[in-house]
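> build me a structure from this.
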Amino acid sequence: MKTEYSDKSTLSSCFESVRAQGRIALMPFFMAGDPDLSTSAKILLSLQESGADIIELGIPYSDPLADGPVIQASAARALKSGTTPSSVLEMLNNLREKITIPIVLFTYSNPLLHLGMERFCDEAARAGASGLVVPDLPLEEAEKLSSIASKRHLDLVLLVAPTTPLQRMQRITENSRGFTYLVSVTGVTGERAQMEARVGSLVEQLKRLSPNPIAVGFGISGPEQVSQVRSWGGDGAIVGSALVKRIASASPGREVEEAGRFCKELVKST
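Alright, predicted model coming up:
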């Protein structure tokens with residue numbers, strides 16, 4: 001049975017529901033098509049069953065500038081297996097009756113522009129996606145895409161980095177929908193032994209600028225970092241490289257089980 005939300009965006013309603021339960025949202029990320037789309041579909045359902053609140057689903061791209069070596073390698077494997085943006089959306093569409101939590105698509109601007117903003121958003125909405133993250137899209141272009149996406153009930157989520165000037169940070173939060181994605185490090189994605197203490201002050205600053213939920217990503221590798229995000233007042237924790245590594249290192253045929261097991265470990269810290 002699908003979760004019923006109000007007229008607000010699916011992402012906003014999800015964060016409200018999670019907050020009412022006295023916890024933060026767990027938001028695992030993995031790359032569609034690694035090792036193949038059939039396995040990816042099963043991983044999506046496993047993460048949902050294991051307690052994920054929102055899933056960020058990567059669309060593989062050959063030049064993932066914001067990603068570290070773990071996710072770069074995952075994208076390369078997915079591309080080698082023949083994964084395309086259209087095949088990812090088709091896979092997601094086939095799961096529409098089974099997915100009950102919001103799915104946020106992570107894509108770079110080149111594949112999106114190649115397909116066309118309007119067509120991509122049409123197909124993403126048809127497949128049941130709730131939002132988009134496009135890390136290399138300039139803010140000026142993001143404002144254009146946000147308008148296109150919102151007409152299809154998709155939230156365009158924008159990113160804030162530790163180096164973002166205050167004035168630009170304000171503009172980003174004003175244009176981000178569903179939540180604001182706080183990048184916790186200056187650099188690419190990847191596991192870190194510990195998170196920088198200044199992330200806490202960045203969360204506070206963003207809270208003063210906008211009522212948007214704040215989800216922290218990049219560098220969250222386990223339950224300890226998830227707990228830290230919660231203690232800083234964040235509304236969600238995005239776990240990517242650590243999960244992608246677990247999937248990649250699992251024995252053939254055990255990827256789904258390993259993804260679910262790790263998700264359950266993380267849920268306990270939300």
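
> what's the helix or strand harbouring residue 72 in contact with?
Element membership of residue 72, judged by DSSP states H and E, is helix 69-80. Here helix 69-80 makes contact (Cβ atoms under 8 Å, 6 or more residues apart in numbering) with 30-35, 58, 60-62, 64, 67, 189-191, 240-241, 244-245, 247-248. In this view, the C-beta of every residue, glycine as well, is placed from N, C-alpha and C.

> if any of those residues are buried, put those into a PyMOL selection.
With 16 or more other Cβ atoms under 10 Å as the criterion, this PyMOL line picks the buried residues out of those:
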select buried, resi 30+31+32+33+34+35+58+60+61+64+67+189+190+191+240+241+244+245+247+248
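
> which of the contacts of helix 69-80 fall within helices?
241, 244, 245, 247, 248 (DSSP state H).

> residues in contact with the second one?
If I follow you right, that is residue 244. Applying Cβ under 8 Å, 6+ apart, the residues near residue 244 are 29, 30, 31, 34, 70, 71, 74.

> from those residues, which is closest to residue 107?
Of all those, residue 107 sits closest to residue 31, with 11.2 Å by Cβ to Cβ.

> and the closest one, how far is that from residue 176?
From residue 31 across to residue 176, the span is 23 Å (Cβ to Cβ, to the nearest Å).

> and the most centrally placed residue in the chain, bridged to which residues?
Centroid-nearest residue in the chain, with Cα atoms, centre = their mean: residue 56, separated by 3.0 Å. On the basis of DSSP bridges, residue 56 is bridged to residue 29, residue 104.

> is it correct that it is in contact with residue 26?
No. Assessed by Cβ atoms under 8 Å, residue 56 is found out of contact with residue 26, at 11.0 Å.

> for residue 111, give me the pLDDT.
With respect to pLDDT, residue 111 has a value of 89.

> show me where the stretch 101-250 of the chain has its strands.
103-106, 131-133, 155-157, 159-160, 180-183, 214-217, 236-239 (DSSP state E, counting those that start in this stretch).

> single out the most deeply packed of these.
Most buried of the strands of the stretch 101-250 of the chain, by mean neighbour count (mean count of other Cβ atoms under 10 Å): strand 236-239, with a mean of 28.

> mind listing the strands that strand pairs with, and their directions?
According to DSSP bridges, strand 236-239 has these partners: strand 25-31 (parallel), strand 214-217 (parallel).

> surely residue 12 meets residue 213?
Yes. The pair residue 12 and residue 213 passes the contact test of Cβ under 8 Å, sitting 7.4 Å apart.

> neighbour count for these two, which is higher?
The neighbour comparison of residue 12 against residue 213 (other Cβ atoms under 10 Å) goes to residue 213, with 23 against 20.

> how close does residue 209 sit to residue 72?
Residue 209 is 32 Å from residue 72, by Cβ to Cβ.

> also residue 53?
For residue 53, the distance to residue 72 - Cβ to Cβ - is 26 Å.

> then residue 208?
35 Å.

> the host helix or strand of residue 46 - contacts with which helices or strands?
Using DSSP H and E, residue 46 sits within helix 37-49. Helix 37-49 sits against strand 25-31, strand 55-58, helix 85-94, helix 255-267, with contacts defined as 3 or more Cβ pairs under 8 Å, 6 or more residues apart in numbering; DSSP states H and E.

> nearest to residue 101, of these?
Across the helices and strands packed on helix 37-49, closest to residue 101 is strand 55-58 (Cβ to Cβ), at 6.6 Å.

> does residue 103 touch residue 59 like I think?
No. The criterion here is Cβ under 8 Å, and residue 103 misses it with residue 59 at 11.5 Å.

> ok, back up a step: reformat the strands paired with strand 236-239 as a markdown table; add distance to residue 96 and mean pLDDT.
Output for the strands paired with strand 236-239, formatted as a markdown table (distance: least, Cβ to Cβ, whole Å; pLDDT from 0 to 100):
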| stretch | distance to residue 96 | mean pLDDT |
| --- | --- | --- |
| strand 25-31 | 19 | 98 |
| strand 214-217 | 24 | 95 |
